[in-house]
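**Student:** sequence first, predicted model second:
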Amino acid sequence: MSRVIRIHQFGGPEVLKLEDVDTPEPGPGIVRIRVEAIGIGRADILYRAGFHPIKGEFPSLLGSEAAGAIESIGPDVSGFAVGDKVSVIPRMAPLFGTYGELINASADYVTRHPAFLSMTEAAALWSSYLTAYCGLTSAGRLSAGETVVIPAASSGVGLAAIQVANMLGAIPVAITRGRNKAQKLTAAGAKHVIVSDQEDVVARLSDITSGEGAQLIFDPVGGQGVEKLASSLGQFGRYIIYGILSSEPTPFPVAAAFSNKLTMSAFAMDSV
C-alpha cells in the first residue's frame, strides 16, 4: 500500500483526499517510481476544478510532474535501471498521476535528470521550462536582438521565458498587473516591465520598440485582449498563445489587428 492524493469529484482544494491504495506492478512500457518530490502546476488546478479539457474517471489521480527513484521496471522498457534518479515529464492527460508515494509512469515520459538538480528542482522545472523553451524557439523562432512580450510574466512559465529569452540574446518585456511585482521581474532578468493596471501597454511597447513593434508575443492569457496586444507586433511578428488564463473566448481571426504585417502562430500547451 502507498499513500496517494485522489479526487472523487471536481471542486476546490477540499476535494483532495489522502488515501491508501495498492500500486500495481508496472506493465509493458511502464516504470514504477518511489516519489521524493512533486511539481504542482496550474493544469493540476484546472483538472481538479473540472475546467481542464481532458476529464478522467473517478476516483482520479492528479499531477503530471514528479522526481524520485525507479523502484521496478515493466516489460519492454530499456534504458533505465532500478535505482535511477528520474523525473516525470508532463503530458496532456493526467492519466497516471504523480501525487503519491509510489507511482507508475510511462517510460516515454520519464527521463534522468542532471545530478546537480535537487529532487524538488527536478520535479518542478519541466512544465515551465519546456513550455518556455519550445514556445520561444521551435514555435516562436525567437532570435538574438528580437523583442519578446511576456504577459503574466510572474508565473512559472513567464519567469522561465524571461531566462530563455536572455539566453537567446533577445529582449524580454514583462507584463504584470501589480507594481509590487515589477522589481522582482527586473531582478529575474526582464529588460522592461509594464504594469498593465497602471500603464497603456500598447503605448509602452511602442516606446520600447521605437515604434517598430515586437517580434514575438508569448501569451498564456488569450481572451479579448489578444486583438489589442497583437497591434503591438511589428512586421512579420509572431503571436503564440499557450494557455487559457482568460475566462473569455479568444477572437480568431483577429485580422483587424494583424492586417498584412505579420504571420501568426498559435498553439495550446497544457501548462498554465
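**Tutor:** Alright, I've got the coordinates. Just so you know, these numbers come straight off a predicted model, no measurement behind them. Numbering: from 1, shown residues only.
**Student:** what about the chain, any weak spots by pLDDT?
**Tutor:** Residue ranges of the chain with pLDDT under 70: 92-96, 244-272.
**Student:** quick one: the strands in it?
**Tutor:** Remark: strands assigned in the chain by DSSP state E are 2-7, 17-21, 30-39, 60-61, 65-73, 85-88, 102-106, 110-112, 147-150, 171-176, 192-195, 214-219, 233-241.
**Student:** is it true that V86 touches I33?
**Tutor:** Yes: using Cβ atoms under 8 Å, V86 is in contact with I33, at 6.5 Å. The C-beta positions use only the backbone N, C-alpha and C, and glycine is treated the same way.
**Student:** quick check: neighbours shared by those two?
**Tutor:** Taking Cβ atoms under 8 Å, 6 or more residues apart in numbering as the contact rule, V86 and I33 both touch 68-70, 110.
**Student:** any chance of those residues in JSON lines, plus distance to I241 and neighbour count?
**Tutor:** Formatted as JSON lines, the shared contacts of V86 and I33 follow (distance: Cβ to Cβ, whole Å; neighbours: other Cβ atoms under 10 Å):
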{"residue": "G68", "distance to I241": "33", "neighbour count": "25"}
{"residue": "A69", "distance to I241": "37", "neighbour count": "14"}
{"residue": "I70", "distance to I241": "36", "neighbour count": "22"}
{"residue": "V110", "distance to I241": "29", "neighbour count": "21"}
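**Student:** V173: which of the residues you listed is nearest?
**Tutor:** Each of the shared contacts of V86 and I33 was checked against V173 using Cβ to Cβ; the closest is V110, at 35.8 Å.
**Student:** ok, and the closest non-adjacent residue to that closest one?
**Tutor:** V86 (5.1 Å; Cβ to Cβ, 6 or more residues apart in numbering).
**Student:** so what's that neighbour up against?
**Tutor:** Contacts for V86 (Cβ under 8 Å, 6+ apart) come out as 31, 33, 67-70, 80, 110-113.
**Student:** about what we covered before: next, format the strands of the chain as CSV and append distance to Y47.
**Tutor:** Shown next, in CSV, are the strands of the chain (distance: least, Cβ to Cβ, whole Å):
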stretch, distance to Y47
strand 2-7, 9
strand 17-21, 15
strand 30-39, 14
strand 60-61, 8
strand 65-73, 13
strand 85-88, 16
strand 102-106, 16
strand 110-112, 20
strand 147-150, 25
strand 171-176, 26
strand 192-195, 31
strand 214-219, 22
strand 233-241, 20
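**Student:** which one, of the ones you listed, ends up nearest to Q163?
**Tutor:** The nearest among the strands of the chain, by Cβ to Cβ, is strand 171-176 at 8.5 Å.
**Student:** can you pull the buried residues of that closest one?
**Tutor:** Residues 171-176 are the ones in strand 171-176 that count as buried (16 or more other Cβ atoms under 10 Å).
**Student:** strand partners (parallel or antiparallel) of it?
**Tutor:** strand 147-150 (parallel), strand 192-195 (parallel) (DSSP bridges).
**Student:** out of the ones you listed, indicate the one that is most buried.
**Tutor:** Most buried of those, by mean neighbour count (mean count of other Cβ atoms under 10 Å): strand 147-150, with a mean of 27.
**Student:** and the residue nearest to V110, what are its bridge partners?
**Tutor:** Here V86, judged by DSSP bridges, has bridge partners G68, R112.
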